[in-house]
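Novice: Predicted coordinates and the sequence they were generated for:
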Amino acid sequence: MNYRHAFHAGNHADVLKHIVMLAMIDALKRKESPFFVLDTHAGRGRYLLSSEESSKTAEADEGILQLMATPSLPEVVEHYLRAVQADNPVGALVSYPGSPLLAARALREQDRMAACELQNDEAAALKELFAHDRRVQVHNGNGYDAIRAFLPPKSGADKIGRALVLIDPPYEAQDAEYPQIISTLREILTRMPQAQCAVWYPIKQRRTLQPFFRKAAALPARSALVAELMVRSDDSPLRLNGSGMLLLNPPWQFEQVLAPALPVLKTHLGETGASTRLEWLKTAD
């Protein structure tokens, strides 16, 4: 696997993904009982924006940095920006925190997390990052294969009744990734029917995703919601025109939480032809 997220840290896809993820964790924190977060494709956890990789693409310039310079944003977006700023000096953006670091910093003392990363050097960086955080376990291996090891979750001998699973693969296998995701989601829901699942997916041409959506809607989840940000029209299969989040068993009325964010992201991150989508594929009976 050759994918390196350092080239893309802080881009429009990260912005959408992390706004959604943090909002879901925030909803879980409304109850005192502990919850568990499983990140199946965690990366290294922190990315320097001055690195050779990040500087080469400058994708953060059209993503997170656009929002940092914008006043009066919806609270769900501001919450995300505060979380990113907390990993940086006041008034500067030196590094971009990845999903596992943002999630871990949102945990409470009673909550737990497992972060899986297949690439050895990325996993080593992740282990160093969380070396002193007993709430977080780092697994150097395939996140798909780790489902059975981590779900249903426990803290010592105690069971944890709530979980959020973040699935964010690199899609190096392109269309072949989607059957694996559907199979993994089915395994998650079999082992823990109440688990919340958040799947990031790239959009080059949206019509090619219809089979994936149909299969996702048929999974044994109570509900399924999609949130998408297209930064340009989906007329080219050769570039990332946008991305989306498939949410299974999302928090109650979660579409109302995300609704204020999407038009703002379209305005500040989008080009000509930009659009958004917030739609239920399946609703609870």
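Specialist: Perfect, I can see it now.

Novice: What segments of the stretch 151-285 of the chain are strands?
Specialist: With DSSP state E, counting those that start in this stretch as the criterion, the stretch 151-285 of the chain has strands at 154-155, 158-159, 163-167, 196-203, 224-230, 242-248, 275-282.

Novice: helices or strands up against the third one?
Specialist: The contact analysis (3 or more C-beta pairs under 8 Å, 6 or more residues apart in numbering; DSSP states H and E) places strand 163-167 against helix 12-28, strand 36-39, helix 177-191, strand 196-203. The way it works is simple: take the backbone N, C-alpha and C, and place the C-beta from them, glycine included.

Novice: about what we covered before: save the strands of the stretch 151-285 of the chain as a markdown table, and put in mean pLDDT and distance to Gly143 too.
Specialist: Listed next are these as a markdown table, based on pLDDT from 0 to 100; distance: least, C-beta to C-beta, whole Å:
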| stretch | mean pLDDT | distance to Gly143 |
| --- | --- | --- |
| strand 154-155 | 90 | 18 |
| strand 158-159 | 92 | 22 |
| strand 163-167 | 98 | 8 |
| strand 196-203 | 97 | 12 |
| strand 224-230 | 98 | 21 |
| strand 242-248 | 98 | 16 |
| strand 275-282 | 97 | 24 |
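
Novice: out of those, nearest to Pro263?
Specialist: strand 275-282 (6.6 Å; C-beta to C-beta).

Novice: hmm, back to that, can you redo the strands of the stretch 151-285 of the chain as CSV with distance to Ala60 and mean neighbour count?
Specialist: Below are those laid out as CSV (distance: least, C-beta to C-beta, whole Å; neighbours: other C-beta atoms under 10 Å):
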stretch, distance to Ala60, mean neighbour count
strand 154-155, 35, 12
strand 158-159, 40, 11
strand 163-167, 20, 25
strand 196-203, 17, 23
strand 224-230, 16, 23
strand 242-248, 15, 25
strand 275-282, 21, 16
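
Novice: Cool, thanks, signing off.
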